[in-house]
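Novice: let's see this in three dimensions:
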Amino acid sequence: MKPYKLLAFFALVLFWGCDDDVTEPEFEFAPRDVSVKVKGNFTIDQVFDFINSFDHEVKNIHSLVYTSTLPSDSLTYVLNYLNAKTYTNDGNAWFVNGYLRYDTKAITILPKLFGMTDRSNQKDWLASMEKLSLSENTTREGAGSVIFFQVPVGKEKEWERKFENYDFVEWAELNYIIQLNRWP
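Specialist: Numbers count the residues shown, from 1 in each chain. Sure, this is the predicted structure:
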């Protein structure tokens with residue numbers, strides 16, 4: 001009979017410890033920043049149409065994976081070609097990276113696209129994809145790009161909700177600022 005009394009005691013403590021008026025704490029977030037993850041089958045040309053339907057700045061588009069049907073000895077050529085573009089790197093720390101897939105030796109590249117509200121950059125990226133025989137990997141686990149939007153200050157939560165309502169959007173979230181305590 002003791003285990004039942006102990007269980008009842010814990011249930012009672014849990015019940016008394018619950019507060020019906022608990023609200024989630026408000027966390028600080030970076031002004032203007034809203035990230036949007038689109039589903040894997042939503043291709044880059046559709047992403048461009050999506051961002052062109054708003055008057056928002058786009059800081060970057062990332063989490064992209066492409067493969068090329070060019071011969072494996074063309075990896076350096078592909079990387080040099082893409083890194084020469086002003087919109088594929090930030091000129092400082094981020095450049096297009098790539099590798100040869102271990103089993104197929106297929107060229108795989110991982111770009112991060114900047115300045116993509118400029119339609120000439122969009123057009124050039126699509127032409128570069130064709131020239132380099134690049135195709136988006138839309139079937140891998142986690143496929144789909146992440147768009148880093150800049151929305152009007154004070155409208156971040158509103159835009160987060162609006163973006164979440166699109167059927168091709170996997171998630172939308174604010175850029176929360178979290179305080180980390182360094183140990184010790």
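Novice: thought residue 142 was touching residue 65?
Specialist: No - Residue 142 is beyond contact range of residue 65, at 9.0 Å (criterion: CB atoms under 8 Å). All C-beta spots, glycine's among them, are computed from the backbone N, C-alpha and C.
Novice: comparing these two, which residue is more hemmed in?
Specialist: Neighbour count, other CB atoms under 10 Å: between residue 142 and residue 65, residue 65 has more, with 17 against 10.
Novice: phi, psi of the more buried one?
Specialist: Torsion angles at residue 65 (phi, psi; degrees, to the nearest 10) stand at phi -140, psi 130.
Novice: who touches it in this structure?
Specialist: Residue 65 makes contact with 108, 109, 110, 136, 137, 140, 143, according to CB atoms under 8 Å, 6 or more residues apart in numbering.
Novice: if we go to 10 Å?
Specialist: Residues counted as contacts of residue 65 (CB atoms under 10 Å, 6 or more residues apart in numbering) are 40, 108-111, 136-138, 140, 142-145.
Novice: can you tell me the number of residues neighbouring residue 77?
Specialist: A count of nearby residues for residue 77, using other CB under 10 Å, gives 14.
Novice: can you confirm it is in a helix?
Specialist: Yes - assessed with DSSP: H, G, I helix; E, B strand; the rest coil, residue 77 lies in a helix.
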